[in-house]
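1. Curious how this folds, go ahead:
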Amino acid sequence: MNTSIIIKEVIYKAVRSSGAGGQHVNKVSSKVELSFDILASQGLTDEEKLLLSQKLSSRLTKSGTLILQCSDHRSQHRNKELVIKRLFEVLKTNLHIPKKRKSTRPSRAAVKKRLEQKQRQSTKKANRRKPLF
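-> Below is the predicted model:
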């Protein structure tokens, strides 16, 4: 993943934010919408494109474009910084391949210790009962 190439390929669009906010929200286009075409990107390898298209299939458009939005702040520049940060977080987390789990067994000593502890606990509780006679 080449971040400098990806930043050049990203398309930004400033949009008016929705919701309450009075006069300011009606005048200023502070919401930033970022679109990134994963399949046409030169900053990703073919394996990375395939992996991202599989993992992000629910978030991609039909043409394979990832769209992210940010309207957290009143500043368009701050929203642009945040949406870029979010893009790289999404890419990084979805490109991570978890390690395969190796199945293990408890040692014979650990099994023996556990069973002895259970037996001790059982006798302790049995000694608290009333006698049968």
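
2. mind checking how far the residue nearest the centre of the chain is from Ala14?
-> In the chain, the centroid-proximal residue (Cα atoms, centre = their mean) is Thr93; its distance is 5.4 Å. Thr93 sits 26 Å away from Ala14, taking Cβ to Cβ, to the nearest Å as the criterion. In short, each C-beta sits where N, CA and C put it, glycine included.

3. So the residue nearest to the centre of the chain: helix, strand or coil?
-> helix (DSSP: H, G, I helix; E, B strand; the rest coil).

4. if I pick it, what's in contact with it?
-> Contact partners of Thr93, counting by Cβ atoms under 8 Å, 6 or more residues apart in numbering, are absent.

5. From Leu52, how far out is Gln117?
-> 49 Å.

6. between those two, which one's more packed in?
-> Leu52 (24 against 10; other Cβ atoms under 10 Å).

7. Tell me where the model's unsure across the chain.
-> 19-22, 24-26 (pLDDT under 70).

8. repeat that with 80
-> 17-28, 132-133 (pLDDT under 80).
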